[in-house]
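Asks: Sequence first, then the predicted structure:
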Amino acid sequence: MSHTVSFRLEGVPPNWSNVRWGQGHDFERQSDVWRAKADWKTLTHAVAMSTRHRSWIPAPARSDPRRRVLITLYRRRLLDVDGAWSSVKPIIDGLKGALLFDDAQKYIEPFVHQLYPEDQPESLGRECVVVAVEVHDSAEKSLETPAPVEQVSG
């Protein structure tokens with residue numbers, strides 16, 4: 001048995017594969033891009049940790065079953081398939097340690113969808129990202145209240 005936890009991030013990340021890196025040694029532009037990626041990763045991690053704690057989900061463990069992750073991009077201009085995957089890389093990285101043990105294929109089954117925000121009530125008509133992670137009951141064992149320990153007199 002499993003259930004899904006989800007959260008919303010305002011705005012949408014760019015298609016990182018199409019970001020212009022600048023000419024030659026344009027280190028300032030390159031650092032701006034890396035900083036923007038780091039910001040998306042940090043924001044995702046903070047919101048994912050908050051969601052995990054609010055949902056009483058234990059920290060992800062190596063032994064957890066593979067988790068499905070659905071990332072929905074509500075964009076006014078949809079990206080091509082590789083652009084959509086490129087744009088969510090910092091988001092998937094931000095889930096590590098919060099709702100995923102790691103982003104290796106044995107721990108995650110990712111899905112990326114894109115929709116126009118005007119057509120979906122979930123987006124409130126604005127560009128945003130909705131992340132949903134399926135958590136299996138086996139990952140929730142530590143939430144169960146242990147049985148009382150009987151004292152044996154002898």
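Replies: Looks like it arrived, so ask away.
Asks: from what I can see V135 touches P58, true?
Replies: No. Counting by Cβ atoms under 8 Å, V135 does not reach P58; the two are 9.4 Å apart. Just so you know, the C-beta spots here come from the backbone N, C-alpha and C atoms, and that holds for glycine as well.
Asks: Who has more neighbours out of those two?
Replies: Neighbours were counted for V135 and for P58 using other Cβ atoms under 10 Å; V135 has more, 21 against 13.
Asks: would you say the more buried one is within a helix?
Replies: No. Counting by DSSP: H, G, I helix; E, B strand; the rest coil, V135 is not found in a helix; it is strand.
Asks: quick one: the closest residue to it other than its chain neighbours and I91, what's the gap?
Replies: Closest residue to V135 apart from its sequence neighbours, by Cβ to Cβ, 6 or more residues apart in numbering: I57 at 5.6 Å. Distance from I57 to I91, counting by Cβ to Cβ, to the nearest Å: 18 Å.
Asks: Looking at these two, which is more packed in?
Replies: Neighbours per residue (other Cβ under 10 Å) separate I57 from I91, with I91 holding more: 23 against 19.
Asks: Contacts only, for the more buried one.
Replies: The contact partners of I91, taken as Cβ atoms under 8 Å, 6 or more residues apart in numbering, are L9, P13, W40, K41, T44, I71, V129, V131.
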